[in-house]
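Asks: Sequence first, predicted coordinates after that:
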Amino acid sequence: MNKAMIESYLRNLLGVVLALVTTTMANKGLASPLDFGVGEWLTVANGLWAAAVPTLLRWVNAKDPAFGRVAEVVAAEVTKKIDTAAKAAPKAPAKKATPKK
């Protein structure tokens, strides 16, 4: 679950940083992020916490099955059902495929 949350945050971070860089360039009339001053980079740096908001909202939502506080319980139940189904499945040998003529 932690890996999925980190990946989600990184996707959000990439989107926010790209949006902030491109809009700052357009608003200030700059040709490149290399022309940014301290104020422009501070604006982009605010994207670090802003990108975390969507992921945190999903974590706070107790009913979110991916990141919510019940995600571990849901994952444990699904794993248990899969294990039970796997044990109950017949263990017949696989049929060999016959080549078509």
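Replies: On my side now, so go ahead.

Asks: count of neighbours near P65?
Replies: By other C-beta atoms under 10 Å, 13 other residues sit near P65. To be clear about C-beta, it is placed using only N, CA and C from the backbone, and glycine gets the same treatment.

Asks: contact partners of the helix or strand that L56 is a member of?
Replies: Following DSSP states H and E, one finds L56 within helix 52-60. The contact list for helix 52-60, computed with C-beta atoms under 8 Å, 6 or more residues apart in numbering, reads M5, S8, Y9, N12, L13, D64, A66, F67, G68, R69.

Asks: so what's the second one closest to, chain neighbours aside?
Replies: Read it as S8. With sequence-adjacent residues excluded and distances taken as C-beta to C-beta, 6 or more residues apart in numbering, S8 is closest to T55, at 4.9 Å.

Asks: Also the fourth one?
Replies: Closest residue to N12 in three dimensions, ignoring its sequence neighbours and counting by C-beta to C-beta, 6+ apart: A51, at 4.1 Å.

Asks: residues of the longest helix along the chain that come out buried?
Replies: Ranked by residue count and defined by DSSP state H, the top helix of the chain is helix 2-28. Within helix 2-28, the residues scored as buried using 16 or more other C-beta atoms under 10 Å are M5, S8, Y9, N12, L13, V16, V17, L20, V21, T24, M25.

Asks: How about the third one: what's its closest non-neighbour residue?
Replies: To tie it back to what came earlier, the one meant is Y9. Distance criterion C-beta to C-beta, 6+ apart; nearest residue to Y9, sequence neighbours excluded, is T55 at 4.7 Å.
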